[in-house]
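1. this is a predicted model, with the sequence first.
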Amino acid sequence: MKIRNAADVYQTMQFLELEDRENVYLLHLNAKKDLIEKELISRGTLTNSLIHPREVFRKAIRNSAYAVILVHNHPSGDPSPSKKDIEITKRLIEVGELVGIPLLAHIIIALNVYSQVDPYLQTTEPIKETCTSSIAPSSSKADVLKAIMPLFRGSLRARLTGFRGL
């Protein structure tokens with residue numbers, strides 16, 4: 001299977017929506033962005049999963065992966081990245097550069113929704129506050145999207161508009 005964008009990742013990993021604990025997977029890709037392997041890195045608790053770059057890249061190196069994509073679920077149903085998600089994404093980007101296997105994306109899957117971690121956002125709290133306070137409860141889906149689109153930057157905006165290519 002070819003992984004062209006985050007929607008392809010979501011289709012491949014949609015089974016994570018129903019998991020009751022956090023599960024972290026690494027998708028190994030070749031140079032043509034074909035999926036080589038889906039590797040379970042960690043099975044955590046309801047709200048937490050421990051991962052270390054050593055475990056993340058070990059098998060990717062053995063598989064001669066050209067690039068990797070990190071995917072995990074949020075059983076809470078909220079796909080917003082936590083501070084810890086952002087920190088680990090930054091760290092994996094750095095390690096990926098060192099070992100020559102870039103981290104192309106970090107996708108978070110929740111029930112019927114997914115997001116892509118933007119490691120350069122300091123926190124997601126201001127976005128949440130602005131979104132919830134600026135939208136009337138009676139708004140249509142289209143009105144909601146129009147109201148919140150200016151608030152999202154980079155990959156978060158892409159979540160609502162079909163994602164940029166990986």
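-> Thanks, I have it.

2. only C-alpha atoms for contact and neighbour calcs from this point on.
-> Fine.

3. what about Gln34, distance to Asp8?
-> To be clear, residue 34 is Asp; Gln isn't right here. As for Asp34, its distance to Asp8 is 11 Å (criterion: Cα to Cα, to the nearest Å).

4. mutual contacts of these two, please.
-> Lys2 (Cα atoms under 8 Å, 6 or more residues apart in numbering).

5. my guess is Asn112 meets Glu17, correct?
-> Yes: under the criterion of Cα atoms under 8 Å, Asn112 makes contact with Glu17 at 7.2 Å.

6. looking at the two, which has the bigger crowd around it?
-> Taking neighbours as other Cα atoms under 10 Å, Asn112 and Glu17 compare with Glu17 leading, 22 against 11.

7. that one contacts Asn73, doesn't it?
-> Yes: in this structure Glu17 lies within contact range of Asn73 using Cα under 8 Å: 6.7 Å.

8. joint contacts of these two?
-> Ile109, Ala110.

9. quick one: residues contacting the residue nearest to Asp85 when sequence neighbours are not counted.
-> For Asp85, ignoring the flanking residues on the chain, the nearest one in space by Cα to Cα, 6 or more residues apart in numbering is Val117 at 7.3 Å. Counting by Cα under 8 Å, 6+ apart, Val117 touches Pro81, Asp85, Ile86, Thr89, Ala105, His106, Ile107, Ile108, Ser155, Leu156.

10. for Val117, what are phi and psi?
-> Val117 adopts backbone torsions of phi -70, psi 130, taken as degrees, to the nearest 10.

11. look at Lys59 and tell me its secondary structure.
-> With DSSP: H, G, I helix; E, B strand; the rest coil as the basis, Lys59 sits in helix.

12. and Pro102, what does it touch?
-> Here Pro102 is in contact with Tyr66, Ala67, Val68, Ile93, Gly96 (criterion: Cα under 8 Å, 6+ apart).

13. could those go into JSON lines alongside distance to Arg58?
-> Output for the contacts of Pro102, formatted as JSON lines (distance: Cα to Cα, whole Å):
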{"residue": "Tyr66", "distance to Arg58": "13"}
{"residue": "Ala67", "distance to Arg58": "13"}
{"residue": "Val68", "distance to Arg58": "12"}
{"residue": "Ile93", "distance to Arg58": "15"}
{"residue": "Gly96", "distance to Arg58": "11"}
